[in-house]
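Asker: got a sequence here, can you build the structure:
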Amino acid sequence: MRILSLLFALVFALTTAQAQGIRFFEGKWKDILSEAKKENKLIFMDAYTTWCGPCKMMASKIFPKEEVGAFFNDKFVNVQIDMEKGEGIELARAFGVMAYPTLLFVDGNGQLVHRAVGYHSVPQFLELGKTAVDPTKQLITMEKRYQNGERDPAFLYQLAMAKFGAYDGSHSPIAEAYLETQKDWSTPENRKLIFMMVGDTDSKMFDYLIEHRSDFEAQFGTDQVTGRLQDLIYQKLYDAPGNSSLEQIDALFKKAYPERADQLSANFRISYYRMAGETDKFVKAAGDYFDQYPSKDPDELNNVAWSFYEMVDTKKDLKKAVKWGLQSVKLSDSYYNNDTVAALYYKLGKKSKAKQYAEKAIAKAKADGEDYSSTQELLDLINGGK
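Answerer: Next up is the predicted model:
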């Protein structure tokens, strides 16, 4: 009976441990490598930061799942390492970690064999693990095949997708090599690849996206395509800073959106001068834009009004910002919009109006469960200044 009881306790303990999901090994990097060699397993590293939302979701929703634990505990030595503390700082450099979470698979010699980036659902995460332990699908294996001259279209497509998921910035040449094998770029599969992987406004993929925009909009939606194009155009500015880039941005807007190019260029200048810290040009760009294109977007109005609060001191310009702030409140009577109006009125010295909108903002925040500590500080200043 005693032996049976001990066996039952052991089985129960093992089952409970498994049901708890992934078991993470704790120790120095050299100890982790040693453990991987001893067990003849790959290391799965959750490369995270404490501020990363998707990292927290993986930790709370995915890693504890029983089926995830069953697979990963069997196949890997699992570790979680904060990339901004201790050994994590050097490991982030060594493995080129640029986004979070990065999911790394490393052998016992410290060689990276596979990687992916971002939140993964349970099925996606399990599939990633299966790929990582399959030598024919590991990134390191596919990269060697590519370097050895393999150019089969199906292989190139698979490698391009794997590179894109790895988020190491090396997917574009592979995608271009794949497209060179394709006579027809208009298939849904090829459009998906182009839409995902286009990263340069000077590329053939960008030109194709522009020329066949309606086809992409039918497959992915107008808003998605618009956002993708704008991201690519804005990225051009960061890649080529300086006044000359404004001309390039204008030309790209005319190429991508001939019917809306002037408005998009005018709107872009607001962000451009705000980021550059050129207050006078920012004030003029915002005024010109809203005079010519009255906005019905409460977030757009509020964001510019708040930037005026932070950057502008002249009463004439602050009064313009109040007008935009009040319009944002009219369109969306939210905590943030009321808070902006309160701050602007306070900066103008209109304490009664500032108090009115600060109290309104706090009431909205309480109702919606928002943090209103900064508005409370403003209200304390208003009340204390009487």
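Asker: residues near Gln248, how many?
Answerer: The local packing of Gln248 (other C-beta atoms under 10 Å) involves 16 other residues. C-beta coordinates here come from the backbone N, C-alpha and C atoms, glycine included.
Asker: for it, helix, strand, or coil?
Answerer: helix (DSSP: H, G, I helix; E, B strand; the rest coil).
Asker: repeat that for Met45.
Answerer: At Met45 the chain is in strand, as set by three-state DSSP.
Asker: do a quick rundown of the strands in the stretch 51-200 of the chain.
Answerer: Residue ranges of the strands in the stretch 51-200 of the chain, as given by DSSP state E, counting those that start in this stretch, are 76-82, 102-106, 112-117.
Asker: deepest-packed of these, please.
Answerer: strand 102-106 (a mean of 24; mean count of other C-beta atoms under 10 Å).
Asker: angle of that one against strand 76-82?
Answerer: If you take axes from the mean of the first three to the mean of the last three C-alpha atoms, to 10 degrees, strand 102-106 sits at 140 degrees to strand 76-82.
Asker: ok so, going back, with distance to Gln230 and mean pLDDT added, can I get the strands of the stretch 51-200 of the chain in CSV?
Answerer: Listed next are the strands of the stretch 51-200 of the chain as CSV, based on distance: least, C-beta to C-beta, whole Å; pLDDT from 0 to 100:
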stretch, distance to Gln230, mean pLDDT
strand 76-82, 34, 97
strand 102-106, 26, 97
strand 112-117, 22, 94
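Asker: need these in a markdown table (columns: distance to Met142).
Answerer: Converted to a markdown table, the strands of the stretch 51-200 of the chain look like this (distance: least, C-beta to C-beta, whole Å):
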| stretch | distance to Met142 |
| --- | --- |
| strand 76-82 | 20 |
| strand 102-106 | 13 |
| strand 112-117 | 9 |
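Asker: just tell me which of the ones you listed ends up closest to Ala342.
Answerer: With C-beta to C-beta as the criterion, Ala342 lies closest to strand 76-82 of the strands of the stretch 51-200 of the chain, at 38.0 Å.
Asker: and the contacts of that closest one?
Answerer: 22-26, 32, 35-36, 39, 41-50, 59, 72, 87-88, 91, 105, 129, 132 (C-beta atoms under 8 Å, 6 or more residues apart in numbering).
Asker: go again with 6 Å.
Answerer: With contacts defined as C-beta atoms under 6 Å, 6 or more residues apart in numbering, strand 76-82 is touched by 22, 24-25, 32, 35-36, 41-46, 72, 88.
Asker: low-scoring stretches of the stretch 151-300 of the chain, by residue?
Answerer: 237-244 (pLDDT under 70).
Asker: which of the contacts of strand 76-82 sit farthest apart?
Answerer: Lys41 and Gly88 (21.0 Å).
Asker: identify the bridge partners of Leu112.
Answerer: Here Leu112 sits in beta bridges with Val106, as judged by DSSP bridges.
Asker: how far away is it from Phe24?
Answerer: 19 Å (C-beta to C-beta, to the nearest Å).
Asker: likewise for Ala160?
Answerer: Applying C-beta to C-beta, the value for Ala160 to Phe24 is 32 Å.
Asker: of the two, who's got more company?
Answerer: With neighbours defined as other C-beta under 10 Å, Ala160 and Phe24 compare such that Ala160 has more, 23 against 17.
Asker: check contacts around that one.
Answerer: 171, 174-175, 178 are the contacts of Ala160 under C-beta under 6 Å, 6+ apart.
Asker: can you do 8 Å?
Answerer: Counted by C-beta under 8 Å, 6+ apart, Ala160 has contacts 171, 174-175, 178, 193, 197.
Asker: inside helices: which ones of those?
Answerer: Among the contacts of Ala160, the ones falling in helices (DSSP state H) are 171, 174-175, 178, 193, 197.
Asker: wait, which of the residues you listed is closest to Leu252?
Answerer: Each of those was checked against Leu252 using C-beta to C-beta; the closest is Met197, at 18.5 Å.
Asker: I figured that closest one was touching His171, is that so?
Answerer: Yes: Met197 lies in contact with His171 (C-beta atoms under 8 Å); the separation is 5.5 Å.
Asker: export stretch 166-186 to PDB, keeping only CA atoms.
Answerer: Taking Å, rounded to 0.1, in the frame of the first residue of the first chain, the C-alpha atoms of stretch 166-186 are listed here in PDB:
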ATOM      1  CA  ALA A 166      12.200  35.800 -38.100                       C
ATOM      2  CA  TYR A 167      12.100  39.600 -38.400                       C
ATOM      3  CA  ASP A 168      15.800  39.900 -39.100                       C
ATOM      4  CA  GLY A 169      15.400  42.200 -42.100                       C
ATOM      5  CA  SER A 170      16.700  39.700 -44.700                       C
ATOM      6  CA  HIS A 171      13.400  38.600 -46.300                       C
ATOM      7  CA  SER A 172      13.200  41.100 -49.200                       C
ATOM      8  CA  PRO A 173      16.000  39.600 -51.400                       C
ATOM      9  CA  ILE A 174      14.500  36.100 -51.000                       C
ATOM     10  CA  ALA A 175      11.000  37.400 -51.900                       C
ATOM     11  CA  GLU A 176      12.400  39.100 -55.000                       C
ATOM     12  CA  ALA A 177      14.200  35.900 -56.000                       C
ATOM     13  CA  TYR A 178      11.000  34.000 -55.600                       C
ATOM     14  CA  LEU A 179       9.000  36.600 -57.700                       C
ATOM     15  CA  GLU A 180      11.600  36.300 -60.500                       C
ATOM     16  CA  THR A 181      10.500  32.700 -60.900                       C
ATOM     17  CA  GLN A 182       6.800  33.800 -61.300                       C
ATOM     18  CA  LYS A 183       5.300  34.800 -64.600                       C
ATOM     19  CA  ASP A 184       2.000  35.800 -62.900                       C
ATOM     20  CA  TRP A 185       2.200  38.000 -59.800                       C
ATOM     21  CA  SER A 186      -1.500  38.300 -59.600                       C
END
